[in-house]
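In: Need coordinates for the below:
(3 chains)
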Amino acid sequence: MSFLDQLNPQQREAVETTEGPVLILAGAGSGKTRAITYRIAHLIDNLGVMPESILAMTFTNKAASEMAERVEKLVGGLSVAKPAMATFHSFCVRVLRRDIEALRIPSGIPGNPPIGYTKKFVIYDENDQQQLVKSVMRRLGIDDKQTTPRSVLAHISWAKNHMLDPQEVYLQSADPKTERVAQIYAEYKKELAKANAFDFDDLLLETVRLLRAVPEVREYYNRRYPYILVDEYQDTNRPQYELMRLLAGSKHNVCAVGDEDQSIYSWRGADIRNILEFEKDFPEAKIIRLEQNYRSTQNILQAASAVVANNVQRKGKNLWTSRQGGTKVGYYEAPDGENEALFVADKISKYLREASEQGENSRVAVLYRTNSQSRLFEEAMRRYQLKYHVVGGFSFYERAEIKDMISYLKVIHNVNDTISLLRVINTPVRGIGKTTLETLERVALETGLSLWNAIKETIQRQLLPVRALAALKNFTDLIEDGQAMLAGNYVEHFEESSLGESAEITEEQSRTASRRSKDQQPFEDETFFDPMAFDFGPALEDTPEPSAADDSAVAGAPAFRDPGAPANTAEILKFLIDRTGYIKLLEEEDTPEAYSRIENLRELVNAAMDSRDRGETLDQFLDHAALVSDADSYEAGAQITLMTLHAAKGLEFPLVFLCGLEEGLFPHSRTFLHPDDIEEERRLCYVGMTRAMDSLIVTRAVYRRRYGTDLPEASIPSRFLDEIPSQLLEELGTSSRGRSTSRAGAPATHEREVGSTHYAYEDEDQSVSWAARNKQRRRAPAVKTYNSIDNIAEFFASRGKKFSLPKLPMEEPRGVKGFRPGQKVKHPKYGEGTVYQREGDGEEAKITVQFPRFGLKKLVEKYAQLERA
DNA sequence: CCCTGGTCCCAACTT
DNA sequence: GGGACCAGGG
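Out: Numbering: from 1, shown residues only, chains lettered A, B, ... in the order given. I've put the predicted structure just below:
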């Protein structure tokens, strides 16, 4: 019973109210996760509930596995049985894989299989969806200029999140455009069914449909999980809410935990009404409020509360903390985006150095509104030689080579997956071109066959020139051999010699490749090699013991040395890489990019091996690949984490930077039209601010470049800055007064230079308060566009401030020669020329050269074989 | 059939 | 900054 004593009275009530519906309204940092994990531990340890009868649903795999870890720590020596902790989507996939065929209906034709989805379904990601919508639109003859596939897909997803089917969308449509959407939606749905594929939204919808339609299935899950917990309840959408209701059964032992002020997913269909309707659907519900914040200092909490208090749509609550005072919220106004990033990097480097001098291992988060903002911060971190970790952005599974291999696996798993089939049918090129594909699609359309069957038909009836037929046969053989391997009746029928030695993946090679790529691009792809990205999190059911057999595969034995036994995913992958010559072709390319792609493929094989060690089958591996999210790549151990505000939900850091507080960026311009959307932005700001435990620094750039090519534009300070009470704010960046003159001229040491004043400017006008100046600027938005460093300096001068240029003495990487404007150079192809301009530095330096006979050419210095003339 | 280079258009958050 | 698409040459 001892662990219950660590809870405050409200938390304790939340933990001990185990029977009947409970809604826990938990403010930021109020020990929400603690309440949930203790509740689970209490159920198991003190009430003797079987662990496997508890189901906790979260939004990310990361949250699920963190919860599992914390429960395991509380419940000493948890047996083999574990509580089920999963994301909504992965839980649904499990249910569908087990029971979807209960929805099949007889075809009515003797000998024909029943109609409906089978257990072998695949999951379509956004890219696949888009391809499918495009092909549907093409077939329906709808112009994709005025009705873009993107917007159609957004509309379909909206409909699904509100549980509307195509007919309902059609009936509700008030304009021809929506009617068209309904039509496309209907066709899209049919095509998904034909391919035995679900999109993300379907996973929830179909599970709800299944549980509603088949009482036996519903009852099975009701019996199996008498205790249900739902995390981040404020972000559930309609299908998720229905799912929870269905799973709660008649016992209603459901515990939902949420915070209205942290609802940030309404655009994904999250419905705040779910919190209100909870009491309607569960009239006997007990509401418990957790209002003591254990995370932040009083200053931070007050500032955040003051911001969110501007929202009209909220019940309001009193969050309090015992951590009196604390440092004020820092504010830095950077001249531009680059400078903002350098400022942040500088502060972080000092902060971490001080922390380590005191023997502490601290953590910092840099939060921003949009993923594209990460680039500047990454560059700044590199300049300061800081190791950082980026959450989200371009994920491992979105890379072309990974998608290719996954698509091969998907086709082997399910040949009716036409979208994946089209992706790989000519990848790498094997002579199946546009004309061939057009014929095949016509055959498919005319016969009603799936594309795969149309190909088989075409080959059999020899409907194409011999060359094309051979190429097609080549492809179908490959897929069928893969299927045979999977089934365990593959008979090798090529010579060993045809397997290029280069395609063999050994641990040794893997290691050298890894070393090489790290040497060349020390910071690139940090996120892509994250093993966490492959962690399914705890399985719903107990996974079989990992097979002790064949570790030799890791050591580089041939991929399929054991014909006759069913192959595992890793073996099939190696076979595919081998037979397609994928790696071999990349090696022939012999570029850094190609090696990085090879490295990614090796990583994929490693992931498949891990999957095998967990005893997973091919479809489980594919489910994982489809369901890992960006947020899952968060590493709790990383010192510096860069991520969007959305990804930061649920996390905490001693020091937090909240960047880009500018109207149009944060709040985002797309939210301006609707007051409700602005309120959501404000909640997002609240979420960001309350991540901070000890210190919070907010920043803004006066001039920001919107797209790479455009001129920087003057920004207006975010309204959220105004909403922070001025007595809680402290302006930063003025501490370097006078220093910039003393170091003029003489080149300072690297360390000093980096650590001192390059981002700083002097503020001569400190008598005017920050808030007053802020107001001034807002009233008079600059009309002049500043497009160069000189203009920015001029801008600051006009305001009585001095602005010093970021100057960083950087060691030039090898291969970079540092040509300057005016120098004469010689190019192997273009001959002699004069350097006209130089952009960027180090690895990225581009120089523009004037060649007498060829005109101006822009060259990347690293690659262009330029010499001094 | 394949590759290249140019052009156009886009650029919010995520399972 | 970059992805998707197209035209034109190899």
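
In: In three-state terms, label the nearest residue to A:Tyr225 once chain neighbours are set aside for me.
Out: Computed as CB to CB, 6 or more residues apart in numbering, the closest residue to A:Tyr225 that is not its neighbour in sequence is A:Leu55, at 4.0 Å. Glycine gets a C-beta too; all of them are placed from N, C-alpha and C. Here A:Leu55 takes the strand state, with states given by DSSP: H, G, I helix; E, B strand; the rest coil.

In: now swap in A:Asn489 and tell me
Out: At A:Asn489, secondary structure determined by three-state DSSP is coil.

In: Look up how far A:Pro566 lies from it.
Out: From A:Asn489 across to A:Pro566, the span is 9 Å (CB to CB, to the nearest Å).

In: So for these two, which sits in the more crowded spot?
Out: With other CB atoms under 10 Å as the criterion, A:Asn489 and A:Pro566 differ in neighbour count, and A:Pro566 comes out ahead with 16 against 12.

In: Can you tell me the closest non-neighbouring residue to that one?
Out: Nearest residue to A:Pro566, sequence neighbours excluded (CB to CB, 6+ apart): A:Gly488, at 3.5 Å.

In: For the one you found, grab phi and psi.
Out: The phi and psi torsions at A:Gly488 (degrees, to the nearest 10) take the values phi 90, psi 20.

In: can I assume it is in contact with A:Ile572?
Out: No: at 11.5 Å, A:Gly488 does not count as touching A:Ile572 under the criterion of CB atoms under 8 Å.

In: neighbour count winner among these two?
Out: Relative neighbour count places A:Ile572 above the other of A:Gly488 and A:Ile572, with 27 against 12, counting by other CB under 10 Å.

In: In the stretch 1-150 of chain A, what residue comes closest to DNA strand B?
Out: A:His89 (3.5 Å; CB to the nearest atom of the strand).

In: tally of neighbours for that residue?
Out: Summarising burial for A:His89: neighbours were counted as other CB under 10 Å, giving 23.

In: Please name the nearest non-neighbouring residue to it.
Out: Counting by CB to CB, 6+ apart, A:Leu203 is the residue found nearest to A:His89 once chain neighbours are left out, at 5.2 Å.

In: give me the number of residues near the one you found?
Out: Summarising burial for A:Leu203: neighbours were counted as other CB under 10 Å, giving 24.

In: Kindly state the pLDDT recorded for it?
Out: Each residue has a pLDDT score; the one for A:Leu203 is 96.

In: Double-check that A:Glu19 belongs to a helix.
Out: No: A:Glu19: not assigned to a helix; according to three-state DSSP it is coil.

In: Where does the prediction get shaky in the stretch 701-850 of chain A?
Out: Counting by pLDDT under 70, the stretch 701-850 of chain A shows low-confidence ranges at A:708-710, A:733-822, A:827-831, A:834-850.

In: For the stretch 51-200 of chain A, which segments are assigned as strands?
Out: Assigned strands in the stretch 51-200 of chain A, in chain order: A:54-58, A:84-87, A:122-124, A:197-199 (criterion: DSSP state E, counting those that start in this stretch).

In: So which of the ones you listed is nearest DNA strand C?
Out: Distance to DNA strand C, taken as CB to the nearest atom of the strand, is lowest for strand A:122-124 among these, at 14.8 Å.

In: what about the closest residue to DNA strand B within the stretch 201-350 of chain A, which SS state?
Out: The minimum distance from the stretch 201-350 of chain A to DNA strand B, using CB to the nearest atom of the strand, falls at A:Trp267 (4.1 Å). Under three-state DSSP, the three-state class of A:Trp267 is helix.

In: again with A:Ser356
Out: At A:Ser356 the chain is in helix, as set by three-state DSSP.

In: gap between it and DNA strand C?
Out: As judged by CB to the nearest atom of the strand, to the nearest Å, A:Ser356 and DNA strand C stand 31 Å apart.

In: And the pLDDT for that residue?
Out: The per-residue pLDDT reported for A:Ser356 equals 92.

In: what about it, distance to A:Glu126?
Out: 41 Å.

In: same thing with A:Lys387?
Out: Taking CB to CB as the criterion, A:Lys387 is separated from A:Glu126 by 31 Å.

In: ok, now A:Ser715?
Out: To A:Glu126, A:Ser715 is 31 Å away according to CB to CB.

In: For A:Val257, grab the count of nearby residues.
Out: Around A:Val257 sit 24 other residues, with neighbours defined as other CB under 10 Å.

In: hang on, the earlier thing: residues contacting the residue of the stretch 1-150 of chain A closest to DNA strand B?
Out: Applying CB atoms under 8 Å, 6 or more residues apart in numbering, we find A:His89 in contact with A:Phe200, A:Leu203, A:Leu204, A:Leu627.

In: One more: A:Val344?
Out: By CB under 8 Å, 6+ apart, A:Val344 lies in contact with A:Val366, A:Phe377, A:Ala380, A:Phe657, A:Cys659, A:Ile697, A:Thr699.

In: Low-confidence bits of chain A, can you list those?
Out: For chain A, applying pLDDT under 70 flags the ranges A:1, A:76-80, A:491-564, A:630-631, A:708-710, A:733-822, A:827-831, A:834-869.

In: try 50
Out: Confidence mapping of chain A against pLDDT under 50 gives the ranges A:494-561, A:734-816, A:842-844.

In: Give me the buried positions along stretch A:94-103.
Out: Residues of stretch A:94-103 classed as buried under the neighbour-count rule (16 or more other CB atoms under 10 Å) are A:Arg94, A:Val95, A:Leu96, A:Arg97, A:Arg98, A:Asp99, A:Ile100, A:Leu103.

In: I'd like to know how far whichever residue of the stretch 301-450 of chain A sits closest to DNA strand C sits from A:Tyr490.
Out: Among the residues of the stretch 301-450 of chain A, A:Arg375 lies nearest to DNA strand C; the distance is 5.8 Å by CB to the nearest atom of the strand. According to CB to CB, A:Arg375 stands 46 Å off from A:Tyr490.

In: and the two? which has more neighbours close in?
Out: More neighbours surround A:Tyr490 than the other of A:Arg375 and A:Tyr490, with 23 against 15 (other CB under 10 Å).

In: Not counting residues beside it along the chain, what's closest to the more buried one?
Out: Using CB to CB, 6+ apart and skipping the chain neighbours, the partner closest in space to A:Tyr490 is A:Ala484 (3.9 Å).

In: Is my assumption valid that the one you found occupies a position in a helix?
Out: Yes: A:Ala484 sits within a helix when classified using three-state DSSP.

In: from what I can see it touches A:Leu478, true?
Out: No: distance between A:Ala484 and A:Leu478: 10.8 Å, which falls outside the contact criterion (CB under 8 Å).

In: Now do the SS call for the residue nearest to A:Ala487 when sequence neighbours are not counted.
Out: Nearest in space to A:Ala487, with sequence neighbours left out and distances taken as CB to CB, 6+ apart, is A:Pro566 at 6.5 Å. The three-state label for A:Pro566, taken from three-state DSSP, comes out as coil.
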